[in-house]
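[1] predicted model and sequence follow; I will ask about them next.
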Amino acid sequence: MVKVLLLFIFINSNLYSNENIFGNVFYIKGEAIVDRPDGVKNLQKGDILFNQDIVKSKESSILIISFGEGMKSKMKITENTQILLQQKKSKEDNKISLAIGVGNVVVDFFNKDKKQPSSLKLETANVSLGIRGTRFFVINESNGDFAASVKNGTVNVASKAIEDNVVVLEQGKGTMLNEKKEIIQSQSFDWHEDVNWKTDPQNGELSHSQKFFNRVKKSFENYRNHIAAKMKNRRKNIKNKMQKMRQQRLEKRKLLLKKR
């Protein structure tokens, strides 16, 4: 029993050592929890977050996490979002990874040397994002809908399902995932300007408006309708082409019969 207890204490001390610190809770409004191997805890302002922590925000809540070099980077998580925090430290580098299960996040990432590859990566089940020093927004819905938009900087968005399907997003541009799990071409979305990019409560209201979420939802619906209409038109064109070919064959037969 003593050995088991000592082992548990040793494992916990490693999990929650300074080397495993990911960041801290800079701001919180409403309720959010952190899920760890030793249990679930309600989060409060100032709480330290560790590598492999799973953070979950609840209804009508906002959470801002400071992380990265000098805790200069910020991520804003709004309601009903789940995100896994991961960090791999070495003498040469400090790799940071965010895995979004469901929900949305605004990230303001500080990259000291923007000429060098970024140490930040964000992932969903279907998409991988490579980030340079930048401010960007990602939403990942439970039904598989995904969209990303960039305020400034550069983000490389890659599909996990399709090799070499990579789209580069720059200022003001965004992308979505289609039904084939393909990243669509970079474009400007009408909801981009409605994103609440603030990550500091001193700068004003932090929450996204319902109008914003409605516009994002509408863009998903419009894209699905566009694809459906495109497929319908394609099927119609194929049908017309086949009918034309059949008609041409009938006419040729008639000509042959007349010659006989």
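    Received, thanks.
[2] I'd like to know which elements the helix or strand hosting residue 242 is packed against.
    Taking DSSP states H and E as the definition, residue 242 sits inside helix 210-259. Applying 3 or more Cβ pairs under 8 Å, 6 or more residues apart in numbering; DSSP states H and E, we find helix 210-259 packed against strand 146-152, strand 174-176. Where C-beta positions appear, they are placed from N, C-alpha and C, glycine not excepted.
[3] tilt between that helix and strand 146-152?
    120 degrees (axes from the mean of the first three to the mean of the last three Cα atoms, to 10 degrees).
[4] tell me the SS of the residue nearest to residue 80 when sequence neighbours are not counted?
    Ranked by Cβ to Cβ, 6 or more residues apart in numbering and with sequence neighbours excluded, the top spatial neighbour of residue 80 is residue 103, at 5.7 Å. Per DSSP: H, G, I helix; E, B strand; the rest coil, the local secondary structure of residue 103 is strand.
[5] so residue 103 bridges to which residues?
    For residue 103, the beta-bridge partners are residue 140 (DSSP bridges).
[6] so what's it up against?
    Residues in contact with residue 103 (Cβ atoms under 8 Å, 6 or more residues apart in numbering) are 57, 77-83, 139-140.
[7] of those residues, which belong to strands?
    In strands, defined here by DSSP state E, the members of the contacts of residue 103 are 57, 77, 82-83, 139-140.
[8] how about those in TSV, adding distance to residue 180 and pLDDT?
    Listed next are the ones in strands among the contacts of residue 103 as TSV, based on distance: Cβ to Cβ, whole Å; pLDDT from 0 to 100:
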residue	distance to residue 180	pLDDT
57	31	97
77	29	97
82	25	97
83	26	97
139	19	96
140	17	96
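[9] thinking again about what came up before, quick one: distance of the helix holding residue 242 to the chain centre.
    Between the centre of helix 210-259 and the centre of its chain there are 33 Å (Cα atoms, centre = their mean, to the nearest Å).
[10] now do stretch 51-67
    Centroid displacement of stretch 51-67 relative to its chain, using Cα atoms, centre = their mean, is 15 Å.
[11] now stretch 122-139
    On Cα atoms, centre = their mean, the centre of stretch 122-139 falls 5 Å from that of its chain.
[12] buried set for it?
    122-124, 126-139 (16 or more other Cβ atoms under 10 Å).
[13] mind listing what the closest residue to residue 61 other than its chain neighbours touches?
    Once flanking residues are discounted, residue 61 sits nearest to residue 30: 2.9 Å by Cβ to Cβ, 6+ apart. Contacts for residue 30 (Cβ under 8 Å, 6+ apart) come out as 57-62, 79.
[14] check residue 223 too.
    Residue 223 makes contacts with 176, 178, 184, as judged by Cβ under 8 Å, 6+ apart.
[15] pretty sure the second one contacts residue 184?
    Yes - under the criterion of Cβ atoms under 8 Å, residue 178 lies in contact with residue 184, with a separation of 5.7 Å.
[16] picking up where we left off before, please dump the helices and strands packed on helix 210-259 into JSON lines; it should also carry distance to residue 164 for every row.
    What follows is these, written out as JSON lines (distance: least, Cβ to Cβ, whole Å):
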{"stretch": "strand 146-152", "distance to residue 164": "18"}
{"stretch": "strand 174-176", "distance to residue 164": "15"}
